[in-house]
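Peer 1: give me a model of this one.
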Amino acid sequence: MGSMPTSRMQRRTVAGIAFVSLLGMLYVILTSQQLTVQFPRSMYTNQQTANLWNYDFRWTIFITPQDFEGLPDKIQRRAIQSWQRLHPKPEIVLVGQGKGYDRVAQELGVTIYPHLDMNFAMLPLAGSLIDTAMNWPTDVSVIVNSDIILTQSLPDAIAKLQPQFPDFFITGARHDVNDLPVVYEPSRSDFNEAGFVGYVKTKGTLHTAGGLDYFVWSNTGKQLFHGAMPPFIRGKSKFDNWFVHEVIQAGYRDVIDTTEAVVAVHVAHDYQTASGKVKANAGEGTFWMKEKRSNWMIFHNAHLAAMYGSYQNQDGTTVHAPWKLASCLEDGGMCLMKRLRPGICPCEHNAFALSTQNDPQIVEVFEHDRKKNLVRCGGVSIDPPGAWDIQVQSKAGHDPVFGLPFTLKDLLPVVSRDNHVLLTGASFAYRDVVMNFVCNLRRLGLYDQLIIAAFDEDMYRYGFRMGLPIFFYQSPDVAGLTSHDLEYGSQHFRKVTKLKSQVVLQILRLGYDVTWTDTDIYWFRNPLPLLGSMSSDFVVQSNAPYPEEQVANGPLRINSGFYRVRSTPLTIVAMEQIVAHAASSRLTEQPSFYIILCGGKGGETAVGDDRCTYRPPTNMGLGDDSSAMGSLDVQFLDREVYANGAVGGYWDQSNLGKTQPQLVLLHNNWIKGLRAKIERFFLHKMWVYDRAQEVCFYGPTPEFVFDWSLDDVNL
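Peer 2: Numbers count the residues shown, from 1 in each chain. Next up, the predicted model:
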């Protein structure tokens with residue numbers, strides 16, 4: 001090819017492409033006429049056609065739709081209505097919670113499954129969605145984007161493939177159209193699918209082989225791939241290709257590309273991205289590549305794809321599937337083909353469609369000073385080494401890239417509600433307990449109010465990967481120490497406990513009210529409304545045993561693992577004192593709370609059995625303002641409602657949610673060692689994080705085993 005004259009080479013290449021295009025047009029014309037015969041709305045009333053395959057299967061379509069408001073309402077309703085025309089009629093499940101879900105479920109007769117793991121921006125995580133679909137009582141599970149119109153070709157493909165592949169996995173590319181004439185709206189009683197398919201084939205553009213909008217598999221119980229699905233943000237690139245690649249590589253399923261047999265359609269519309277709305281027209285590319293270097297969510301998914309499994313850029317496309325189902329003139333209009341070299345030709349689908357998003361292009365290249373003309377379909381993205389490494393701190397003199405790393409000031413406006421934030425913090429050794437607490441909040445619908453301080457770099461990286469609202473906080477006291485140095489029981493562990501009050505103080509100074517909670521607390525219900533209604537600006541959990549000690553506010557009986565504090569000049573002064581006292585102490589920060597708030601170790605300012613009075617000292621540089629600030633009423637919470645680990649023998653009881661209905665939360669303290677805490681959570685069915693699958697459990701009684709072998713730290 002290199003020795004051929006350039007002009008002659010160009011003529012042959014263009015002629016070849018023209019010939020291939022002519023064949024493609026003829027193919028589309030033939031198959032379009034066949035589709036007119038095989039895909040009328042009444043196809044399943046034709047006995048001869050209906051007898052080709054067995055349609056006796058239950059199938060369920062799972063979607064994570066946007067709120068049903070405005071344009072998304074119209075687009076998603078149209079897609080759902082197209083699915084409801086199919087035979088057999090699928091069950092349709094809206095996974096998650098959103099505006100308009102209840103109304104649409106009632107009007108269209110679909111199901112809502114409200115439980116779904118979300119990141120802190122309240123976008124769905126793919127692993128949770130797949131876990132739901134894998135465990136649903138159905139024969140066939142389908143995950144599809146909520147704006148995709150489906151045709152009868154999909155259940156036909158399922159019916160054809162089921163007898164040949166008991167453990168199948170189907171995926172394919174869609175067709176894009178810029179607009180949809182009213183006559184082709186699926187809600188019309190006179191909707192003609194054959195005409196719709198003909199319109200799409202002639203006016204639409206076949207999407208790239210790397211853009212996948214539907215995934216279909218037989219729910220036989222056999223796994224899809226090795227290990228767990230990383231917490232990809234659904235709809236933010238890389239998830240689809242990683243998913244398909246790992247299914248192919250695992251070998252548990254027969255993977256079939258149905259691009260040329262199944263007509264799935266996307267009508268162009270505006271997309272809502274993290275940075276605003278971006279218009280995306282079919283056939284002209286999308287905003288994904290434009291935002292690749294600016295959107296942290298795309299960075300998040302790219303990092304996961306690079307870190308987990310064996311995926312490489314441009315893997316996991318439709319043409320990598322070992323099998324292909326294509327349109328043909330045989331009975332049923334579908335023929336199965338085996339690819340001997342999957343992925344070898346990215347141009348494979350181009351001859352099938354009149355227009356494709358990655359039509360072949362002639363590219364001039366030079367090799368050994370000789371020019372060559374090559375035919376290329378699409379491009380190849382090459383990332384430099386370390387492109388997707390998580391940066392914990394911004395480099396000096398450089399602006400943050402992708403809006404990363406997250407900082408406290410970045411996250412506060414996102415998670416605050418009524419100027420209040422729910423705060424926790426941990427080092428890497430506590431990551432599983434953090435995730436269990438996150439799942440606890442997700443079950444209660446409170447996760448979107450949480451912010452997490454990472455006390456070492458490994459915890460920040462882990463939290464970012466898991467989609468958590470996390471920022472890195474480090475004081476000079478622990479600078480340079482590793483996550484191993486800060487493990488429970490180490491000589492530096494007490495230093496970690498003192499970081500908690502420092503973070504609280506920082507947020508109070510920014511004007512936000514704070515509820516601090518340790519992650520080893522199980523929440524039975526939402527305590528925030530009641531805490532917010534209390535008159536005291538500082539309410540705190542008691543650490544006093546009960547009934548052994550009748551008063552909650554006895555000497556050193558504050559538990560600094562749970563408290564709510566309003567941002568006022570007086571509370572800020574009190575927290576400044578607590579932080580300063582803890583810094584000079586060899587103990588944890590907990591005694592400092594009582595000593596400062598209750599007037600010393602003996603509780604000189606204790607009032608009654610559940611209060612203390614804090615008065616700011618005159619030697620803090622406040623001058624006359626000290627007396628003008630007045631005093632702070634510190635209220636201890638009811639121990640039978642906000643229980644510590646030594647109250648009522650609760651941890652010796654079972655089924656606490658029913659036997660102790662007054663409980664709002666229960667602290668898993670008064671026990672030594674991280675492993676002992678986790679085992680006690682398990683014993684009492686309070687462990688709701690599936691560590692193996694990296695998803696939350698939403699059922700009534702969690703039943704799984706904590707796999708200690710996954711640990712590389714000393715618990």
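Peer 1: ok, for Asp131, nearest residue in space, not its chain neighbours?
Peer 2: Leaving aside its chain neighbours, Asp131 sits nearest to Val695 (4.8 Å; criterion: Cβ to Cβ, 6 or more residues apart in numbering). Any C-beta I mention is one placed from the backbone N, CA and C, and that applies to glycine too.
Peer 1: what are the phi and psi angles of the one you found?
Peer 2: For Val695, the backbone dihedrals are phi -140, psi 160 (criterion: degrees, to the nearest 10).
Peer 1: what is it paired to in the beta sheet?
Peer 2: Under DSSP bridges, the beta-bridge partners of Val695 are Asp690.
Peer 1: burial check on it, number of neighbours?
Peer 2: If you count neighbours by other Cβ atoms under 10 Å, Val695 ends up with 24.
Peer 1: just Asn295 next, same as before
Peer 2: For Asn295, using other Cβ under 10 Å, the count is 21.
Peer 1: repeat that for Arg586.
Peer 2: 5.
Peer 1: what strand or helix carries it?
Peer 2: Arg586 is part of no helix or strand, with elements assigned from DSSP states H and E.
Peer 1: what's the answer for Gly425, then?
Peer 2: Counting by DSSP H and E, Gly425 is part of strand 420-426.
Peer 1: flag the shaky bits of the stretch 501-650 of the chain, pLDDT-wise.
Peer 2: For the stretch 501-650 of the chain, residues meeting the criterion pLDDT under 70 lie at 619-628.
Peer 1: can you do 90?
Peer 2: Along the stretch 501-650 of the chain, the parts satisfying pLDDT under 90 run over 586-587, 617-630.
Peer 1: ditto for the stretch 51-200 of the chain
Peer 2: The model of the stretch 51-200 of the chain has pLDDT under 90 over residues 51-52.
Peer 1: surely Pro230 meets Leu125?
Peer 2: No - counting by Cβ atoms under 8 Å, Pro230 stays clear of Leu125, with 9.1 Å between them.
Peer 1: tell me which residues are up against stretch 669-677.
Peer 2: For stretch 669-677, contacts defined as Cβ atoms under 8 Å, 6 or more residues apart in numbering pick out 429-430, 433, 488-489, 518, 520, 543, 545, 559, 561, 644-646, 651, 668, 680, 708, 715.
Peer 1: what's the closest non-adjacent residue to Gly657?
Peer 2: Gly657's closest residue in space is Phe524 (Cβ to Cβ, 6+ apart), at 5.8 Å.
Peer 1: please name the residues that touch the residue positioned nearest the centre of the chain.
Peer 2: Computing the C-alpha centroid of the chain and ranking residues by Cα atoms, centre = their mean puts Leu125 first, at 2.1 Å. With contact taken as Cβ under 8 Å, 6+ apart, Leu125 is in contact with 116-119, 231-234, 467, 695.
Peer 1: for the strand holding Gly425, packing partners?
Peer 2: Applying 3 or more Cβ pairs under 8 Å, 6 or more residues apart in numbering; DSSP states H and E, one finds that strand 420-426 contacts helix 408-415, helix 431-444, strand 450-454, helix 493-509, strand 513-517, helix 528-533.
Peer 1: would you put the C-alpha positions of that strand in CSV?
Peer 2: Provided in CSV are the C-alpha atoms of strand 420-426 (Å, rounded to 0.1, in the frame of the first residue of the first chain):
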residue,chain,number,x,y,z
HIS,A,420,-26.5,22.6,59.3
VAL,A,421,-24.1,19.7,58.4
LEU,A,422,-23.8,16.2,59.7
LEU,A,423,-20.1,15.5,60.2
THR,A,424,-17.9,12.4,60.8
GLY,A,425,-14.3,11.5,60.3
ALA,A,426,-12.0,8.5,60.3
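Peer 1: Gln223 is in contact with Ala250, correct?
Peer 2: Yes - with contact defined as Cβ under 8 Å, Ala250 reaches Gln223; the gap is 7.4 Å.
Peer 1: so which of those two has more stuff around it?
Peer 2: Ala250 (16 against 13).
Peer 1: where does that one fall, phi/psi-wise?
Peer 2: The phi/psi pair for Ala250 (degrees, to the nearest 10) reads phi -70, psi -40.
Peer 1: would you mind measuring from the closest residue to it other than its chain neighbours to Phe165?
Peer 2: Closest residue to Ala250 apart from its sequence neighbours, by Cβ to Cβ, 6+ apart: Phe225 at 4.3 Å. Separation of Phe225 from Phe165 (Cβ to Cβ, to the nearest Å): 17 Å.
Peer 1: if we can go back for a sec, which helix or strand contains the residue nearest to Ala250?
Peer 2: Counting by DSSP H and E, Phe225 is found in no helix or strand.
Peer 1: what is the burial count for it?
Peer 2: Considering only other Cβ under 10 Å, Phe225 is surrounded by 21 other residues.
Peer 1: roughly how far apart are it and Ala305?
Peer 2: 13 Å.
Peer 1: ok, Leu531 next?
Peer 2: For Leu531 relative to Ala305 (Cβ to Cβ), the value is 41 Å.
Peer 1: more neighbours: which of the two?
Peer 2: Neighbours per residue, other Cβ under 10 Å: of Leu531 and Ala305, the larger number sits with Ala305, 25 against 19.
Peer 1: ok, and the closest non-adjacent residue to that one?
Peer 2: Leaving aside its sequence neighbours, Ala305 sits nearest to Lys238 (Cβ to Cβ, 6+ apart; 4.2 Å).
Peer 1: how far away is Trp59 from Trp83?
Peer 2: 10 Å.
Peer 1: doesn't Ala268 make contact with Asp179?
Peer 2: Yes - the criterion here is Cβ under 8 Å, and Asp179 meets it with Ala268 at 7.2 Å.
Peer 1: neighbour count winner among those two?
Peer 2: Ala268 (18 against 10).
Peer 1: closest one to Thr588 among the helices and strands packed on strand 420-426?
Peer 2: helix 493-509 (4.3 Å; Cβ to Cβ).
Peer 1: do you have the strands of the stretch 551-700 of the chain handy? List them.
Peer 2: 558-565, 606-607, 611-614, 632-636, 642-643, 665-667, 689-690, 695-696 (DSSP state E, counting those that start in this stretch).
Peer 1: ok, which of those comes nearest Phe299?
Peer 2: Nearest of the strands of the stretch 551-700 of the chain to Phe299, taken as Cβ to Cβ: strand 695-696 at 22.1 Å.
Peer 1: just say helix, strand or coil for the closest residue to Glu185 other than its chain neighbours.
Peer 2: Among residues not flanking Glu185 along the chain, Arg78 sits closest, at 6.6 Å (Cβ to Cβ, 6+ apart). With DSSP: H, G, I helix; E, B strand; the rest coil as the basis, the three-state label of Arg78 is helix.
Peer 1: where's Arg78 relative to Val267, distance?
Peer 2: Relative to Val267, and taking Cβ to Cβ, Arg78 is found at 8 Å.
Peer 1: who's more crowded, those two?
Peer 2: Using other Cβ under 10 Å as the criterion, Arg78 and Val267 rank with Val267 on top: 20 against 16.
Peer 1: my guess is the more buried one contacts Gln76. True?
Peer 2: No - using Cβ under 8 Å, Val267 is not in contact with Gln76, being 11.5 Å away.
Peer 1: between these two, what contacts are shared?
Peer 2: Going by Cβ under 8 Å, 6+ apart, residues that sit against Val267 and also against Gln76 are Asp147.
Peer 1: in PyMOL, select just the buried ones from the contacts of stretch 669-677.
Peer 2: Listed next is the PyMOL selection for buried residues among the contacts of stretch 669-677, using 16 or more other Cβ atoms under 10 Å:
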select buried, resi 429+430+433+488+518+520+543+545+559+561+644+645+646+651+668+680+715
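Peer 1: residues shared between the contacts of Arg78 and Val267?
Peer 2: 149, 180.
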